[in-house]
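S.K.: Pasting a predicted model and its sequence here:
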Amino acid sequence: MEVVHLNTSHLPEFQSLYTEFFVELRGEQGWKPDEEEAYRKGAENYFRRGDLVFLALEGAEAAGFIRVSSRGGCFWVEEIYVRPEFRGKGIGRAFVQSAEKEVKKHDSSLYLFVLPQDKDAIAFWKRLGYDVINTIELTKDLRSTTRSFHTVEFLGGGFKIFGWKGEKFTGEERRFMELLEEFYEKGGTKKEFLELVNRALEGWLE
């Protein structure tokens with residue numbers, strides 16, 4: 001397996017991989033993907049503007065990609081994707097190492113967003129040492145929606161995350177979210193939640 005900088009000769013492979021990435025992601029989310037041509041144009045635009053893109057090549061076949069952009073004075077991993085038949089071979093780790101090596105020439109940090117429903121992705125990034133959370137993305141549906149939601153918390157505050165077709169929550173995690181939702185629906189406050197959790201942790205530590 002070889003990790004290479006994207007060049008013009010491999011642009012069609014990147015466009016195909018980029019399309020596959022979003023088709024898979026939208027399928028897991030239960031959302032309809034855009035037209036393939038929109039993804040192909042987007043991939044070409046990112047390449048033309050100078051985003052950092054690495055491809056993994058297994059012989060003559062493209063196995064995946066990582067794309068890093070520079071925005072707001074920081075470097076961001078925008079997408080990372082490995083075709084299903086090539087997963088579990090260390091390609092994702094090789095992508096991240098290649099991106100980090102290149103970014104270190106310009107900056108000391110590499111940033112990314114991970115959807116909270118994507119437990120596999122979160123575990124992957126944590127294994128590679130990514131564990132600092134700087135922001136929480138908020139949204140408001142301006143029209144009625146039939147999407148399902150789960151309740152989660154951050155430092156005692158209740159938040160919603162979209163339900164996915166491909167989510168992999170354990171039974172304990174699902175029960176925790178159900179209890180949270182019931183707690184907040186019945187008027188539970190952030191202060192009360194933190195008091196409950198702190199008492200439980202203190203009891204466990206004694």
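M.R.: Okay, I see it.

S.K.: helix or strand for V53, which one?
M.R.: In the assignment (DSSP states H and E), V53 maps to strand 52-58.

S.K.: what comes up buried for that strand?
M.R.: L52, V53, F54, L55, A56 (16 or more other C-beta atoms under 10 Å). (Each C-beta comes from the backbone N, C-alpha and C, glycine too.)

S.K.: Specify which member of the residues you listed is nearest to V4.
M.R.: L55 (5.6 Å; C-beta to C-beta).

S.K.: after the longest strand along the chain comes which helix or strand?
M.R.: Taking DSSP state E as the criterion, the chain has its longest strand at strand 61-71. As assigned by DSSP H and E, the chain's next helix or strand after strand 61-71 is strand 74-82.

S.K.: Count the residues that sit near I161.
M.R.: Counted with other C-beta atoms under 10 Å, residues neighbouring I161 total 15.

S.K.: and what of F47?
M.R.: 19.

S.K.: check contacts around it.
M.R.: By C-beta atoms under 8 Å, 6 or more residues apart in numbering, the contact set of F47 is L6, L11, F14, V53.

S.K.: follow-up on the earlier one: for the buried residues of strand 52-58, give me JSON lines that also has pLDDT and distance to E36.
M.R.: Putting these into JSON lines (pLDDT from 0 to 100; distance: C-beta to C-beta, whole Å) gives the following:
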{"residue": "L52", "pLDDT": "98", "distance to E36": "24"}
{"residue": "V53", "pLDDT": "98", "distance to E36": "19"}
{"residue": "F54", "pLDDT": "98", "distance to E36": "23"}
{"residue": "L55", "pLDDT": "98", "distance to E36": "19"}
{"residue": "A56", "pLDDT": "97", "distance to E36": "22"}
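
S.K.: from the residues you listed, which is closest to S69?
M.R.: Distances from S69 to the buried residues of strand 52-58, taken by C-beta to C-beta, are shortest for L52, at 7.6 Å.

S.K.: Would you confirm that the closest one contacts K101?
M.R.: No - contact between L52 and K101 fails when scored by C-beta atoms under 8 Å: they sit 10.7 Å apart.

S.K.: about what we covered before: would you list the contacts of F47 in a markdown table and tack on distance to Q29 and secondary structure?
M.R.: Formatted as a markdown table, the contacts of F47 follow (distance: C-beta to C-beta, whole Å; DSSP: H, G, I helix; E, B strand; the rest coil):
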| residue | distance to Q29 | secondary structure |
| --- | --- | --- |
| L6 | 26 | coil |
| L11 | 27 | helix |
| F14 | 22 | helix |
| V53 | 24 | strand |
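
S.K.: Report the angle between the longest strand of the chain and strand 52-58.
M.R.: 170 degrees (axes from the mean of the first three to the mean of the last three C-alpha atoms, to 10 degrees).

S.K.: from the chain's centre, how far out does strand 61-71 sit?
M.R.: 14 Å (C-alpha atoms, centre = their mean, to the nearest Å).

S.K.: what's next to the strand or helix carrying G27, contact-wise?
M.R.: Using DSSP H and E, G27 sits within helix 11-29. The contact list for helix 11-29 (C-beta under 8 Å, 6+ apart) reads 6, 32-34, 36, 39-40, 42-44, 47, 53, 55, 62, 64-65, 67, 79, 81, 83, 117-118, 162, 164-167.
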